[in-house]
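**Q** Build me a model:
(one chain, ligands or ions: 1)
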Amino acid sequence: MTVWECVRPRIIFTAEDIRQYGYCKRKPYFRHVLKARLQPSIKMLRGEKIHQKTCRAKSIEKEENREVSRYYNIYLCSEALGLAAIIDYFEYDGEKITLVDVKSGAGASKNIYEGYYLQMAAYALLVEVCLDIPVKSVLIRYEDDKKEKLLQIDFKAKATVIQILKRLREMVENETIPPPTSNPKKCTDCEAWKICRRC
Ligand code: SF4
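**A** The predicted structure is shown next:
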């Protein structure tokens, strides 16, 4: 590590950047190097609307009969990691804390994509670093069918997040554009298509 690396503030990426990187390594380049204002896709707008209704408008909720408390929209930021995120909510039943992420769509039919899995690993890592609470799983709540899935987060996933943060920092510092995704089907759904075009 150089002296310069010790003193300069770290770029803060978000857990959403980790998800985007998992989808296509090139996507964070447009946001962090070109500073492009990308229009959110219809799918993203729908997800935002659901989050607004189920989480963002809330702060604390108590379910007296189950003695469960929910703490919404917890902002966590670690300068050491160079990572920040807003956790949808924590559920506390007097004994254990469960980290919950709300998703649109129907749970039973949903595959867990790599980018989303890494985003959940980023949440787990942030909770461990900022709150000193070990996290080995994240509960996914699907809004459309109210189903749940417990996602196991292993050490490898957290280490991958740290590696991705390093690569993102290098990408921004060197202004190097990563190659396009090897799966061109992903481009049809991508909000960066107009400025990317896989060139
Ligand atoms: S258009 Fe395709 S290659 Fe370009 S950023 Fe989007 S997914 Fe990646």
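
**Q** so how far is residue 28 from residue 45?
**A** Taking C-beta to C-beta, to the nearest Å as the measure, residue 45 falls 20 Å from residue 28. In this view, the C-beta of every residue, glycine as well, is placed from N, C-alpha and C.

**Q** So which of the two has more stuff around it?
**A** residue 28 (25 against 11; other C-beta atoms under 10 Å).

**Q** The ligand contacts on this protein?
**A** Within the chain, the positions lying close to the ligand (C-beta under 6 Å from any ligand atom) are 24, 26-27, 180-181, 186-187, 190, 192-193, 196, 198.

**Q** Could you dump those residues into CSV with pLDDT and secondary structure added?
**A** Shown next, in CSV, are those (pLDDT from 0 to 100; DSSP: H, G, I helix; E, B strand; the rest coil):
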residue, pLDDT, secondary structure
24, 96, coil
26, 97, coil
27, 95, helix
180, 97, coil
181, 96, coil
186, 94, helix
187, 95, helix
190, 92, coil
192, 95, coil
193, 94, helix
196, 96, helix
198, 95, coil
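
**Q** and those, which are buried?
**A** The neighbour-count criterion (16 or more other C-beta atoms under 10 Å) marks 24, 26-27, 180-181, 187, 190, 192, 196 among the residues of the chain next to the ligand as buried.

**Q** of all these, which comes closest to residue 112?
**A** residue 24 (17.3 Å; C-beta to C-beta).

**Q** if I look at the nearest residue to the closest one once chain neighbours are set aside, how far off is residue 17?
**A** Spatial nearest neighbour of residue 24, chain neighbours left out: residue 181 (4.0 Å); criterion: C-beta to C-beta, 6 or more residues apart in numbering. Per C-beta to C-beta, residue 181 is found 16 Å from residue 17.

**Q** Residue 123 now?
**A** From residue 123 across to residue 17, the span is 13 Å (C-beta to C-beta).

**Q** Between the two, which has more neighbouring residues?
**A** residue 123 (26 against 23).

**Q** distance between the strand or helix carrying the more buried one and the chain's centre?
**A** If you go by DSSP states H and E, residue 123 is part of helix 114-131. Here the centre of helix 114-131 is set off from its chain's centre by 7 Å, with C-alpha atoms, centre = their mean, to the nearest Å.

**Q** And that helix, what does it pack against?
**A** With contacts defined as 3 or more C-beta pairs under 8 Å, 6 or more residues apart in numbering; DSSP states H and E, helix 114-131 has these neighbours: helix 15-23, strand 68-78, strand 83-92, strand 97-103, strand 137-142, helix 155-174.

**Q** Show the average pLDDT along that helix.
**A** For helix 114-131, mean pLDDT rounds to 95.
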